[in-house]
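K.L.:
next input, structure requested:
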Amino acid sequence: MPSPVAAFTVGDGSSLTVERSIPIAVQPEHKTPGGSIFLTSIDHVDHILVSTVYCFERSTENAVDVVKQALSKVLVHYYPLVGRLGKSSEGKLIVDCEKKLGVPFVEAVANCDLDSLGDMSILHPDVLGKLVYTDSTTQNMPEIAPLLTAQVTKLKNGGLILGIAFNHCMSDGISAIRFINSWAEIARGEPLSVVPYHDRTILKPRMPPQICGPYDDFVQLSDESNMTALYKKEQLVCRSFHFDSEKLAAVKKMATACGQGKRSITSFVALAALVWRTRSMALKMKPHQQTMLTLPVDFRSKLSPPVPDGYFGNAVVFPCCLCTAGELIDEPISSTAERIIEAIERVNEDYARSRIDYLDRYGFKEFSLGTLLVSSWTKLAFGSTDFGWGEPRQFGTGGLQTKSCLFLRGGRDNKDVVVVLELPFSAMNTFQELLQV
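P.N.:
Predicted structure coming up:
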């Protein structure tokens, strides 16, 4: 009998105590441009706060001041982050750079060291709320709500956690980590390796719009399996599943074992195929239930000319695989992997421009429960987040969305993959039983 993948339920952090200072507004060190920043239809898709933590096992005595001063310097280059959301004359979201309200910055002290916090890859909301500062009083007031917040929490034995809350309309993961790494470069006394590019009008919709297929990507799935009732009835559970190199090799072998694959398969594609299939089974989808897998694909290099290297914004689209649950469960995983590869390969300039036009005309519609969004952060350059006392030992996030699955790097050498998702209690137990390699 194969052994199941190690699974971890997120702790509630009830024993964690954090004392915070009153937030101060950090402003750019020098005068920055006013006016406004155009936001694209892709930026409009999601303007929720995305919280992340960077966990360092050692720091310096003046670490808080180093981080704060470097933030003031980097905001000269990333000046839109000190502004606030506004509306254009057409009623579209913009960044109002006249409202220089700054970035709230909080100093904090915790009652523990990094080792006692355990696995930080995915955080319970209560833990996240202690390590990442957000202002709940501005949540429904975008005109004054900060686009970025920062909290530095000092731990026992010299450890430190940097907690960030980023408004997703400002950047995708690539742009966000580039900002963090630029911040770290300045803290180390180095010049920026990449200068940010703020003109988002290069991704304006075409006039008239030119919306073309594949139309599967626009399908709204009906709930033929009554999953909605299950999600309402049961407690939602978030767990992480760790795949080391041996388990990843086993998953890739499964994805090629039946000889259906026409080309080499990456660990990401193999894992995505396995998780999509297993989730569909765990949710007891009926054979005729339509199910969809979607994944973010960076299109910066797909345009002609390419999107500038320092582009600060969202530049991803979400190609989809659509089939019935019966087809998904009956076919070999190699065939599912092939579906995913074909979806990724569909992303070219025409595809990206078509999706921009579609979102501008029709807006974004929430994914149904039959859809799984798989997002991988394993290739993001977290290792460059060195503020002068070494790379982070752990990286974590929280606020996982119900229809999402996140792939993170894990293990002491960051070569493992941590798969994180949320399911109703009974479905999660079934998922864990089925997810064996």
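
K.L.:
would you map the strands across the stretch 101-250 of the chain?
P.N.:
103-110, 122-123, 148-154, 160-167, 236-243 (DSSP state E, counting those that start in this stretch).

K.L.:
and what of the stretch 251-400 of the chain?
P.N.:
Going by DSSP E, counting those that start in this stretch, the stretch 251-400 of the chain shows strands at 290-294, 297-298, 316-317, 320-324, 371-376, 394-398.

K.L.:
which non-adjacent residue is nearest Gly158?
P.N.:
Excluding the flanking residues, the one nearest Gly158 by Cβ to Cβ, 6 or more residues apart in numbering is Arg58, at 4.7 Å. From N, CA and C alone the C-beta is placed, and that goes for glycine too.

K.L.:
pop out the phi and psi values for the one you found.
P.N.:
Note on Arg58: backbone dihedrals following degrees, to the nearest 10 are phi -150, psi 160.

K.L.:
confirm for me that it is in contact with Trp389.
P.N.:
Yes - if you go by Cβ atoms under 8 Å, Arg58 and Trp389 touch, sitting 5.5 Å apart.

K.L.:
those two: who's more crowded?
P.N.:
Trp389 (18 against 14; other Cβ atoms under 10 Å).

K.L.:
you'd agree that one is up against Thr60?
P.N.:
Yes - when contacts are counted by Cβ under 8 Å, Trp389 is listed as touching Thr60 (5.7 Å).

K.L.:
so what's Ser15 up against?
P.N.:
Contacts for Ser15 (Cβ atoms under 8 Å, 6 or more residues apart in numbering) come out as Cys112.

K.L.:
and the helices in this protein?
P.N.:
For the chain, the helices defined by DSSP state H occupy 63-77, 114-117, 125-131, 173-187, 227-233, 245-256, 267-282, 325-330, 333-345, 349-362, 425-434.

K.L.:
so which of these is nearest Val419?
P.N.:
Nearest to Val419 among these is helix 267-282 (6.1 Å), distances taken as Cβ to Cβ.

K.L.:
distance of Arg339 relative to Val251?
P.N.:
16 Å (Cβ to Cβ, to the nearest Å).

K.L.:
actually Arg277, not the one I typed
P.N.:
For Arg277, the distance to Val251 - Cβ to Cβ - is 12 Å.

K.L.:
and Pro296, by the same measure?
P.N.:
21 Å.

K.L.:
higher neighbour count, those two?
P.N.:
Set Pro296 next to Val251 and count neighbours by other Cβ under 10 Å: Val251 wins out with 22 against 18.

K.L.:
out of everything not next to it in sequence, what's closest to that one?
P.N.:
Nearest non-adjacent residue to Val251 (Cβ to Cβ, 6+ apart): Ala270, at 4.8 Å.

K.L.:
over to Val419?
P.N.:
Closest residue in space to Val419, ignoring its immediate chain neighbours: Phe241 at 4.5 Å, by Cβ to Cβ, 6+ apart.

K.L.:
report the beta-bridge partners for the one you found.
P.N.:
Beta-bridge partners of Phe241, counted by DSSP bridges, are Ala7, Val419.

K.L.:
so for it, what's the pLDDT?
P.N.:
Looking at Phe241, its pLDDT is 91.

K.L.:
give me the neighbour count for it.
P.N.:
When neighbours are defined as other Cβ under 10 Å, Phe241 has 22 of them.

K.L.:
what about Asp135, how many residues nearby?
P.N.:
By other Cβ under 10 Å, the burial measure for Asp135, its neighbour count, is 14.

K.L.:
I'd say it and Val103 touch.
P.N.:
No - counting by Cβ under 8 Å, Asp135 does not reach Val103; the two are 11.7 Å apart.

K.L.:
pull up the overlap in contacts between these two.
P.N.:
Contacts common to Asp135 and Val103, judged by Cβ under 8 Å, 6+ apart, are Pro146, Thr149.

K.L.:
against Ile265, how distant is Leu421?
P.N.:
21 Å.

K.L.:
right, I mislabeled it, should have said Phe218
P.N.:
When distance is defined by Cβ to Cβ, Phe218 is 27 Å away from Ile265.

K.L.:
excluding chain neighbours, what is closest to Val194?
P.N.:
Once flanking residues are discounted, Val194 sits nearest to Gly310: 4.7 Å by Cβ to Cβ, 6+ apart.

K.L.:
so the one you found is in contact with Ser193, correct?
P.N.:
No - counting by Cβ under 8 Å, Gly310 does not reach Ser193; the two are 9.6 Å apart.

K.L.:
which of those two has more neighbours?
P.N.:
Neighbours per residue (other Cβ under 10 Å) separate Gly310 from Ser193, with Gly310 holding more: 16 against 12.

K.L.:
phi and psi next, for the more buried one.
P.N.:
The phi/psi pair for Gly310 (degrees, to the nearest 10) reads phi -90, psi 10.

K.L.:
which residues touch it?
P.N.:
Arg178, Val194, Val195, Pro196, Tyr197.

K.L.:
and it, how far is that from Val317?
P.N.:
20 Å.

K.L.:
same question, Trp183
P.N.:
Separation of Trp183 from Val317 (Cβ to Cβ): 28 Å.

K.L.:
cool, thanks, signing off.
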